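Engineer: Any chance you can model this:
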Amino acid sequence: MQLFITELIKTGFSAPVGEFKQEVIACLNRLIRFDMALWASGHTKDLQVNNTYLYNLPDTMMHSWEQVKHQDRLLAGLIANPGETFDVYDFYTRLEREGFETYQRHSKLFGIENAISTAIPNPDTGLLEVMSLYRRDPGEKFSRDERRAKKFVFPLVIEAWHHNQIQHLVNLSGNRIGDSLAICDGKAWIHHAEPKFVDLLKGQWPGWSGPEFPEPVKIWLEGMETKSLKVKKIAFSRMDLNDLILVKAHSRDAAVSLTKREEQVADFFAGGMTYKKIAHELCISPFTVRHHLESIYRKLAVTNKVALFQILNNITPDESS
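Structural biologist: Sure, this is the predicted structure:
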């Protein structure tokens, strides 16, 4: 166990983002032996699944599962008991299972005779992470200790995966003070979001819950036409990498983002005063005024006086036209 945790930490820091799951599954197979594995992200609504990683299984497995998913007792048990690790035979006797469609039309086709599974929900995004380990030999059941080990390590695996994604994308894109981050896929499903990012979304859309972004952000992400989006309270930017998207969010709330001096400079400048007049009013140099304005523009993600006026007066672009 100690060796696995050490390898997991190293993998979280060093593995390329596209190879993390493959390397972690290999490490896990040295802790708990298995023949096949599934790691998927999904949502309990209509049992939607996205971002699936399959180990020693063909892609056709997920199509097969779609046909029988609403009869899957193991999945229903996982959803009802988040964080627990179950054996498939917690929900069926072996003889009973062999008579079910989920076995005849799915498990039997792919040689899945024994299985243990764990589901971990993300309360911020609404996404459910599910990992299942499988064995082909009907006589080789997973032991109680193996189930306990999987229950212990899976939450650690998820955290290491989130760190790996965030760190890799931040290293590529750079990050500025005040940004909060989230990772999503091309369907705008959030896979990880920092607490501050979630707070910003809920501040703009109080009724929102994941796993999808709110509709205006979802449309922007799916469109891929622009790298930035501004709504009333938040400025978003994005960086695409293969099938993942790093989304940065920055508050457009001047009262939160600006210092007292910056608030004064912003109000005067948005009101039409020149650098020289602001400098005289505040007893500072025009150079200092310029420095403050650069900071104000950066914090509020604006590029001109009109946009600054809109943000200070809580006006959206449509309202000002």
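Engineer: Report the buried residues of the helix or strand containing V157.
Structural biologist: For V157, the element it lies in under DSSP states H and E is helix 144-173. For helix 144-173, the neighbour count (16 or more other CB atoms under 10 Å) marks 146-147, 149-151, 153-154, 157-158, 160-162, 164-166, 168-169 as buried. C-beta here means a position set from N, CA and C on the backbone, and glycine is covered the same way.
Engineer: now swap in stretch 281-299 and tell me
Structural biologist: Of the residues in stretch 281-299, 284, 288-289, 292-293, 295-297, 299 count as buried by neighbour count, 16+ other CB under 10 Å.
Engineer: Only alpha carbons, please: show that stretch as CSV.
Structural biologist: Provided in CSV are the C-alpha atoms of stretch 281-299 (Å, rounded to 0.1, in the frame of the first residue of the first chain):
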residue,chain,number,x,y,z
GLU,A,281,-7.2,64.9,-7.6
LEU,A,282,-5.4,62.1,-5.8
CYS,A,283,-2.0,63.9,-5.3
ILE,A,284,-0.1,61.2,-7.3
SER,A,285,1.8,61.2,-10.6
PRO,A,286,0.3,60.5,-14.0
PHE,A,287,2.7,57.5,-14.2
THR,A,288,1.1,56.1,-11.0
VAL,A,289,-2.3,56.6,-12.5
ARG,A,290,-1.3,54.6,-15.6
HIS,A,291,0.1,51.8,-13.4
HIS,A,292,-3.1,51.6,-11.4
LEU,A,293,-5.2,51.5,-14.6
GLU,A,294,-3.1,48.7,-16.0
SER,A,295,-3.8,46.7,-12.8
ILE,A,296,-7.5,47.6,-13.0
TYR,A,297,-7.8,46.4,-16.6
ARG,A,298,-6.0,43.2,-15.8
LYS,A,299,-8.1,42.4,-12.7
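Engineer: Any chance you could list what contacts that stretch?
Structural biologist: 176, 178, 250, 257-258, 261-262, 264-266, 268-269, 273, 275-276, 278-279, 303, 308 (CB atoms under 8 Å, 6 or more residues apart in numbering).
Engineer: what about K187, neighbour count?
Structural biologist: The tally of other residues near K187 (other CB atoms under 10 Å) stands at 15.
Engineer: cool, and S14?
Structural biologist: Applying other CB under 10 Å, we find 12 residues neighbouring S14.
Engineer: how close does it sit to V153?
Structural biologist: To V153, S14 is 19 Å away according to CB to CB, to the nearest Å.
Engineer: Assign a three-state SS to the residue of the chain most remote from its centre, would you?
Structural biologist: Distance to the chain centre peaks in the chain at H280, reaching 48.2 Å (criterion: CA atoms, centre = their mean). Under DSSP: H, G, I helix; E, B strand; the rest coil, H280 falls in the helix class.
Engineer: please renumber so the chain begins at 301
Structural biologist: New numbering, starting at 301: the last item is H580.
Engineer: Okay, it and T574: tell me how far apart.
Structural biologist: Taken as CB to CB, the span from H580 to T574 is 10 Å.
Engineer: cool, E413 as well?
Structural biologist: On the measure of CB to CB, E413 and T574 end up 79 Å apart.
Engineer: returning to what we had before: report pLDDT for the residue farthest from the centre of the chain.
Structural biologist: Looking at H580, its pLDDT is 92.
Engineer: Output the below-cut-off pLDDT ranges for this protein.
Structural biologist: Scanning the chain for pLDDT under 70 picks out the ranges 469-478, 524, 542, 553-557, 611, 613-621.
Engineer: ok, 50 please
Structural biologist: 616-621 (pLDDT under 50).
Engineer: Let me see the ranges of the strands in it.
Structural biologist: For the chain, the strands defined by DSSP state E cover 336-343, 348-355, 385-387, 414-421, 428-435, 480-485, 490-493, 528-530, 534-541, 544-551.
Engineer: Highest mean neighbour count out of these?
Structural biologist: Among the strands of the chain, strand 490-493 has the highest mean neighbour count (mean count of other CB atoms under 10 Å), at a mean of 24.
Engineer: neighbouring contacts of it?
Structural biologist: Outside strand 490-493, the residues touching it (CB under 8 Å, 6+ apart) are 341, 351, 422, 424-425, 427, 462, 465-466, 481-485, 501, 510-513, 544.
Engineer: among the strands of the chain, which is nearest K441?
Structural biologist: K441 sits nearest to strand 414-421 of all the strands of the chain, at 5.4 Å, using CB to CB.
Engineer: Sounds good, over and out.
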